[in-house]
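Asks: The following block contains a protein sequence and its predicted model.
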Amino acid sequence: MYFEREALAYPLGRKLYQRFSHDPAVTVTFATSHNRVTGLPGSTPARAFAAAKRTLVVGVRRTLDFATCRPSAHYQLPLATGCPGWCRYCYLHTTLGTRPYMRVYVNVHEILDRAHQYIGERDPDITVFEGAATSDPVALEALTGSLGLAVEFFAGEPLGRFRFATKYDRVENLLALNHGGHTRVRFSVNWSKIIDHYEHGTPGLERRLAAAQEVAGAGYPLGFIIAPVFLSPGWEEGYRGLLEELGRRFGGVDDLTFEVITHRFTRRAKTNIEAIFPDHGLPMDEESRQFKYGQFGYGKFVYPAASLQLARGRFAGMLQEILPGSRLEYLV
Ligand code: SF4
């Protein structure tokens with residue numbers, strides 16, 4: 001663990017330092033900036049990646065201008081960066097490169113104050129914030145409690161809404177909170193073949209669905225993100241099986257939403273993935289994809305428009321049939 005010295009001026013920074021500085025299993029040291037942590041071990045890309053996934057930096061978020069976050073929200077809510085999971089296709093391969101160490105920000109109240117300003121700027125419209133644009137926030141929640149603070153903050157914001165997505169199941173801290181119906185929890189799921197091949201270090205589907213049932217029982221608006229969707233042979237049967245399982249468990253849930261994100265990759269992610277996981281098995285043939293510029297300035301390879309159109313129709317049809325009360329928010 002690395003700490004910025006300024007982080008110790010905040011209660012969360014002090015709490016984490018006191019907890020881990022005497023833990024013989026943890027090496028604690030100081031860094032000048034959470035953006036510039038040097039000296040991480042790792043003689044090969046795979047080893048450097050493994051070391052980074054075991055490294056946590058506790059810092060102060062200085063940039064309080066939030067990035068936009070289409071299509072799921074208006075703004076990102078930056079509570080953390082990085083994730084301990086090892087999903088081969090992860091979007092963090094683009095943004096964090098080959099050393100995706102995790103960062104948590106201790107100035108949570110300053111971040112939430114800034115969210116309050118953004119909400120005021122859009123009054124009388126609702127402003128939606130995404131808590132999972134740069135991390136899986138549930139994965140780090142047992143350490144920080146920041147997600148719970150955000151949930152309670154948004155409960156008190158009549159024009160603010162919060163949403164986050166996760167593959168993790170440690171939701172117990174969230175269940176008793178006053179969320180006011182303003183936070184939508186979405187579980188990121190996929191069909192078994194995709195989980196088995198490409199997701200590592202994350203809870204399996206059964207644990208995610210059990211956590212989703214607990215969250216729904218606590219009255220949170222619930223959703224599922226199906227991502228990444230690979231339009232490879234057998235995809236329709238695979239996703240039909242997944243939706244039927246969701247139908248059996250969540251057919252009676254009101255206001256259930258779906259977001260479907262087809263597989264995409266940047267050239268930077270592809271280079272990093274090939275270096276870290278030489279036998280990754282991901283379909284990343286550029287010739288079979290369409291190149292598209294993204295909102296953050298880098299281009300990505302997506303499925304061609306005709307394939308997306310077909311997938312949109314198929315998912316809409318399956319949802320109508322299997323979970324008729326649910327809503328498909330988007331398929332990209
Ligand atoms: Fe990336 Fe999400 Fe997997 Fe974490 S759980 S490695 S953020 S895809």
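Replies: Now that the structure is in, tell me what you want to look at.

Asks: Check this protein for its longest helix and report it.
Replies: The longest helix of the chain (DSSP state H) is helix 305-322.

Asks: I'd like to know the average pLDDT value across it.
Replies: In this model, helix 305-322 has a mean pLDDT of 97.

Asks: Remind me what the helix or strand following that helix packs against, helices and strands.
Replies: Per DSSP states H and E, helix 305-322 leads on to strand 327-331 as the next helix or strand towards the C-terminus. When contacts are defined as 3 or more C-beta pairs under 8 Å, 6 or more residues apart in numbering; DSSP states H and E, strand 327-331 sits against strand 257-262, helix 305-322. C-beta coordinates here come from the backbone N, C-alpha and C atoms, glycine included.

Asks: quick one: buried residues of strand 327-331?
Replies: 328, 331 (16 or more other C-beta atoms under 10 Å).

Asks: got the contact list for it?
Replies: 71-72, 223, 255-262, 308, 311-312, 315-316, 319 (C-beta atoms under 8 Å, 6 or more residues apart in numbering).

Asks: Measure how that strand sits relative to strand 257-262, angle-wise.
Replies: 20 degrees (axes from the mean of the first three to the mean of the last three C-alpha atoms, to 10 degrees).

Asks: How far does stretch 13-27 sit from its chain's centre?
Replies: 26 Å (C-alpha atoms, centre = their mean, to the nearest Å).

Asks: re earlier: please identify the most buried of the helices and strands packed on strand 327-331.
Replies: strand 257-262 (a mean of 20; mean count of other C-beta atoms under 10 Å).

Asks: Report the mean confidence score over that strand.
Replies: For strand 257-262, the per-residue pLDDT averages 98.

Asks: One more: stretch 77-91?
Replies: On average, stretch 77-91 scores 96.

Asks: Can you confirm whether that stretch lies near the ligand?
Replies: Yes - on the criterion C-beta under 6 Å from any ligand atom, stretch 77-91 is in touch with the ligand at 83, 85, 87, 90.

Asks: Spit out the contact partners of the third one.
Replies: When contacts are counted by C-beta under 8 Å, 6+ apart, Cys87 is found next to 167, 198-202.
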